[in-house]
Each structure stands twice: as C-alpha cells, then as structure tokens.
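In: Give me the fold of what follows.
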Amino acid sequence: MDDLIRHPLAHARIERGWTQPELARRVRRAALRRGLRSGVDRQRIWNWENNRATPDADSQMLLADVFEIDHYLVAALSWPHWLPGRDSSIPLGPDSTVPALREALQSSMDRRTFLTYGSAALVGLAHQWAATEPQALAAALDGKPVDAEIVDLLETTGQKLTSFVTEQRQHTSTLLDAHLTTVTDLIENANYTQHVGRRLHALAARMSSTVGWHRFDQGKHAAAGRFWHGALHSAHASGDRDLGAGIMSDLAYQATWLKDPKTATQILDSAVLRTEHPTARSLLYLRLARAQAALGEAYTCRRSLATAEQELARTTGAPPEWCSWMSPADLLVDSGQCLLDLGERERAQGLLEEGTALLPGARDKTRAVFLSYEAGSFLRAGEADQAAAAAMQSLTLATKIGAPRCVALVRDLAPGFKKHAGADGVNDLLEHIRAS
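Out: Coordinates of the predicted model:
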C-alpha cells in the first residue's frame, strides 16, 4: 500500500476513498458523457499507478474530468504532475526543470489550492540536491536555435525587472511571470549549445527565485514554494551550486517563518555543505542561526552566528548577484532577532537598532521587517510608546510597497499593544492596523 500511495494517481484516488475499480468506472462514465467509449478497467489503473504504462491523451482528459482539473493543466504540467493533492517535490533530474517551472507558473492561475510541500519532501529534496551532481546539458533536437544575442536580451530584461526598487516591484508581477514563461519555453522547445543552455537555466533560476519572493511577500506560501522549487531545478541544471544553495536557504527561511524551524535546520545542514562563496555561506549560516534560535538551541545558534560573521568578513570582490544585498546590517538585525528569541532582550535591542540604522534606503521591504522586529523588542520590554513608533513606521512602509507579509508582522503585535491602550501612539497604531 505504501508503494501505491507514493504515486500521485494512487494518492488522489485513495484521498477520495475510491478503489481502483471505482476509479475505472468513473473514467468510463466520463467517456460516456463526452459521447465516447473507454476500455479503462482496474488492471489499467493498476498499471498507471505502478508506472507500467502512461495513460494516453484521451485517458488523461477523462481522468481530468473525474478529478475536476482544467485541461490546460494537463497539457502544461504533463503526466503525472497535473494530478491533484501532490505535496511531494519533483525529483531532480535531466528533464525535471521544465515540469517544475510549469507547475510554479500554473499555480498562479489554477483554481485549486496547491498544497505547500511537506517537511519530508523538502528535507528529501535538500539531501538529493547535496548528493547529486548536475547532469550535463544536452541540446534539444527541436525548435529554432537560440543564440547568445537572444540570451543577452533576456538577461538584460530580467536584470531590469528584478532590480526595481522595492516600491515598484508590486507592479511587475505579470511582467515577471511572462518573462519566466518565455525563458521556460526556450528551455523546453529550442535547441542551443551547452553554454547557452546553462545561461538560460541560470536566468530561469534567478527569475523564478525572484517571483517566489514576490509570492512570499504576498503571503502566498504554496505558490512561493513552487517557484523556489522550480528555481532549484533550474540552478541545478545550470551547475551553479551556490545559487542552488541560496534557493534552498529561501525554502528554509520560509519553513522558519511558517513555524517549522526543525525542517529549516535540516534543509540548511544539507545546503551549506556545497556552498563555496563566503557571502553565500554567511547568509546560509545566518538563516541557520535564526532557525536554531527559534528552537531554543542557544549554543549552536551562537556558533552559527559567529561563522556567519567570519564568512562575511572573508568576502573580497563582488559577491554573487543573488546574495549581493547581504550586508553587516542584515547580520546585526538577524543576530538581534536570534538573541531576542533566546531571551537576551537588552543586547538584542542594541543590535536591532544598529542594524536598522545601517540599512540602505533602497531596501524598504527589509526595513519594514527590521522595524517590526524592533517594535516587538520594545513591546516585550514594556516600552509601548517606542514600540508603537517603530511599528507605525513598519506598517507605513509595508503598505506603501504592497507587502502583506510585512503588514502581517505588525498585525501580529496587535494583541500586545492592546494591553497598553492609552500610551503614546498606541491607539493610533491599532486604528491603522484595523484599517490595513
């Protein structure tokens, strides 16, 4: 039974309480409704669930009718990735990039609720990534050749779309999705040299990672996970180990955010093994420290913070583009948040204030997050007026840039502020929270 449940068709069937003969009957009835005949029986269902055969296009159409799945998903995601209810990740492999990217892109349009990946799926994917060497890219046989000039244009456009200041990013979502779709189409349908192929896959990884962060900031966690999953497949195919490690750390950051720091530490333990650039290693160790602090692991947290600081100090020259934003300000504030989680409020407050002051003006989203941390620290200390001032700044920034995730951080502080109603700025803040 365990082997059957691992197949998405078996999972979808069993989730609905259907036997294999019952599913076969439903497929045949779906055919009759379309004026067709189908020979699907229990044996054929068994073959599909045990990878002995793949349903043809007509059978997939009927299965989609039975599971109430739009047919465009069947064509876009291919078998068995369009089936409902799958919370496992697509395994890394030479042909896994396009299905992973298609799934992410379709998650933006699909009326179904995509599940977030389970802990076991994420940890398994991290182990696979750490242990698997990228496959050499092979040129596709169909489609028109893609030359370096086209990739130059795509890279330039992609760089512009991903480098807008924070306030403008809320307006670029559709453009980013369309650009990523174009790159995915080229990867799937064009032919190219290995060098051009690596550039296309690296571009897809960066674009999908950026879109993932947009979805994350909007509170769309399942979609964010799908885009980071697609980005990881793309980075792996391109052979960029550090970029892949950074994407794994994004998935880990999300796990910590969703109150699952244990999964985050397991992901990062695998990711950091194959990370080379000092700035990249610093970021991963900083996120590892955040997860360890959330678990109350004071010793390992401090050790990770020390390593993050050492690695950042080792950086010479320009870091990889995907982590070029990593700075002493990030190290200070996240260190402060770690100490806050560990109960060292006074020291934490100093780090939070120092880091927030150092943050460049262009990083409003990060500033909104940092200010919410600072507000939480003041609130724990009973300094409601200072907490309200920091929270109001955070809320104003988050609303301005269209970042619901940052708004939620301030909203989560509301119960604590209600205990200090009447303090300077508190009632005004609570009113703004209710209106947000």
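
In: and Ala222, what pLDDT?
Out: Looking at Ala222, its pLDDT reads 77.

In: Distance-wise, check it relative to Arg241.
Out: 27 Å (Cβ to Cβ, to the nearest Å). C-beta here means a position set from N, CA and C on the backbone, and glycine is covered the same way.

In: same thing with Thr181?
Out: Relative to Arg241, and taking Cβ to Cβ, Thr181 is found at 26 Å.

In: Please identify which of these two sits among more neighbours.
Out: Arg241 (21 against 14; other Cβ atoms under 10 Å).

In: Might you report the residue contacts of the nearest residue to that one once chain neighbours are set aside?
Out: Nearest residue to Arg241 in three dimensions, chain neighbours excluded: Arg274, at 5.0 Å (Cβ to Cβ, 6 or more residues apart in numbering). In this structure, Arg274 makes contact with Trp129, Ala130, Arg241, Gly244, Ala245, judged by Cβ atoms under 8 Å, 6 or more residues apart in numbering.

In: same check, this time on Asp58
Out: So Asp58 contacts Leu36, Ser38 (Cβ under 8 Å, 6+ apart).

In: can you list the domains in this structure?
Out: Segmentation of the chain into domains, based on automatic domain parsing, reads 1-81, 97-108+119-132+142-276, 360-436.

In: Ser282 is nearest to which of these?
Out: Closest approach to Ser282 among the domains of the chain is made by domain 97-108+119-132+142-276 (9.6 Å; Cβ to Cβ).

In: ok, back up a step: could I get the domains of the chain as JSON lines with distance to Leu331?
Out: Listed next are the domains of the chain as JSON lines, based on distance: least, Cβ to Cβ, whole Å:
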{"stretch": "domain 1-81", "distance to Leu331": "39"}
{"stretch": "domain 97-108+119-132+142-276", "distance to Leu331": "15"}
{"stretch": "domain 360-436", "distance to Leu331": "12"}
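
In: Which stretch among those domains is buried most, on average?
Out: domain 97-108+119-132+142-276 (a mean of 20; mean count of other Cβ atoms under 10 Å).

In: gap between that one and the chain center?
Out: Distance of domain 97-108+119-132+142-276 from the chain centroid (Cα atoms, centre = their mean, to the nearest Å) equals 8 Å.

In: Around Glu353, count how many other residues there are.
Out: Neighbourhood size, Glu353 [other Cβ under 10 Å]: 18.

In: May I ask which helix or strand encompasses the nearest residue to it once chain neighbours are set aside?
Out: Excluding its sequence neighbours, the residue lying closest to Glu353 (Cβ to Cβ, 6+ apart) is Glu374, at 6.5 Å. Here Glu374, judged by DSSP states H and E, is contained in helix 364-380.

In: quick one: secondary structure of the nearest residue to Leu125 once chain neighbours are set aside?
Out: Excluding its sequence neighbours, the residue lying closest to Leu125 (Cβ to Cβ, 6+ apart) is Ser89, at 4.7 Å. For Ser89, the assignment made with DSSP: H, G, I helix; E, B strand; the rest coil gives coil.

In: what about Ser89, distance to Leu286?
Out: Distance, Ser89 to Leu286, by Cβ to Cβ: 25 Å.

In: go on, Asp58?
Out: Using Cβ to Cβ, Asp58 is found at 52 Å from Leu286.

In: now swap in Glu103 and tell me
Out: For Glu103 relative to Leu286 (Cβ to Cβ), the value is 30 Å.

In: got it, and His71?
Out: In this view, His71 and Leu286 are 45 Å apart by Cβ to Cβ.

In: if we can go back for a sec, count of neighbours near the residue nearest to Leu125?
Out: 24.

In: And the one 3 residues further on, by the same measure?
Out: Look at Leu92: counted by other Cβ under 10 Å, it has 20 neighbours.

In: roughly how far out does the helix holding Glu374 sit from the chain middle?
Out: Using Cα atoms, centre = their mean, the offset of helix 364-380 from its chain centre is 23 Å.

In: Any chance you could list what contacts that helix?
Out: 165-167, 217, 325, 329-330, 333, 336-337, 340, 345, 348-349, 352-353, 355-356, 359, 384, 386-388, 390-391, 393-395, 397-398, 400-401, 403, 406, 409-410, 413, 416-417, 420.

In: Helix or strand next in line after it, which one?
Out: Heading C-terminal from helix 364-380 (DSSP H and E), you reach helix 384-401.

In: Could you point out the helix or strand that follows that following helix?
Out: Next element after helix 384-401 (DSSP H and E): helix 404-411.

In: and that next one with helix 384-401, angle?
Out: 160 degrees (axes from the mean of the first three to the mean of the last three Cα atoms, to 10 degrees).

In: Remind me what the next helix or strand along the chain from helix 404-411 packs against, helices and strands.
Out: On the C-terminal side of helix 404-411, the nearest following helix or strand under DSSP H and E is helix 414-418. If contacts are counted by 3 or more Cβ pairs under 8 Å, 6 or more residues apart in numbering; DSSP states H and E, helix 414-418 sits against helix 364-380, helix 384-401, helix 426-435.

In: Make TSV from those and add mean pLDDT and distance to Thr316 to it.
Out: Formatted as TSV, those follow (pLDDT from 0 to 100; distance: least, Cβ to Cβ, whole Å):
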stretch	mean pLDDT	distance to Thr316
helix 364-380	84	24
helix 384-401	86	33
helix 426-435	86	44
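
In: closest to Gln20 out of those helices?
Out: Once those are compared by Cβ to Cβ, helix 364-380 is nearest, at 49.6 Å.

In: okay, the angle between the helix holding Glu374 and helix 404-411?
Out: Helix 364-380 and helix 404-411 are oriented at 10 degrees to each other (the same axes, to 10 degrees).

In: State the mean pLDDT of stretch 174-182.
Out: 85.

In: now swap in stretch 410-423 and tell me
Out: Summarised as a single mean, pLDDT over stretch 410-423 is 86.

In: mind exporting it as PDB, just the C-alpha atoms?
Out: Taking C-alpha atoms only, stretch 410-423 is exported to PDB below (Å, rounded to 0.1, in the frame of the first residue of the first chain):
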ATOM      1  CA  VAL A 410       2.800  44.300  12.600                       C
ATOM      2  CA  ARG A 411      -0.700  42.900  12.800                       C
ATOM      3  CA  ASP A 412       0.600  40.000  14.900                       C
ATOM      4  CA  LEU A 413       1.800  42.500  17.500                       C
ATOM      5  CA  ALA A 414      -1.800  44.000  18.000                       C
ATOM      6  CA  PRO A 415      -2.700  41.800  21.000                       C
ATOM      7  CA  GLY A 416       0.400  43.000  22.900                       C
ATOM      8  CA  PHE A 417      -0.400  46.700  22.000                       C
ATOM      9  CA  LYS A 418      -4.000  46.300  23.300                       C
ATOM     10  CA  LYS A 419      -2.600  45.800  26.800                       C
ATOM     11  CA  HIS A 420      -1.000  49.300  26.500                       C
ATOM     12  CA  ALA A 421      -4.000  51.200  25.200                       C
ATOM     13  CA  GLY A 422      -3.600  54.900  26.000                       C
ATOM     14  CA  ALA A 423       0.200  55.000  25.700                       C
END
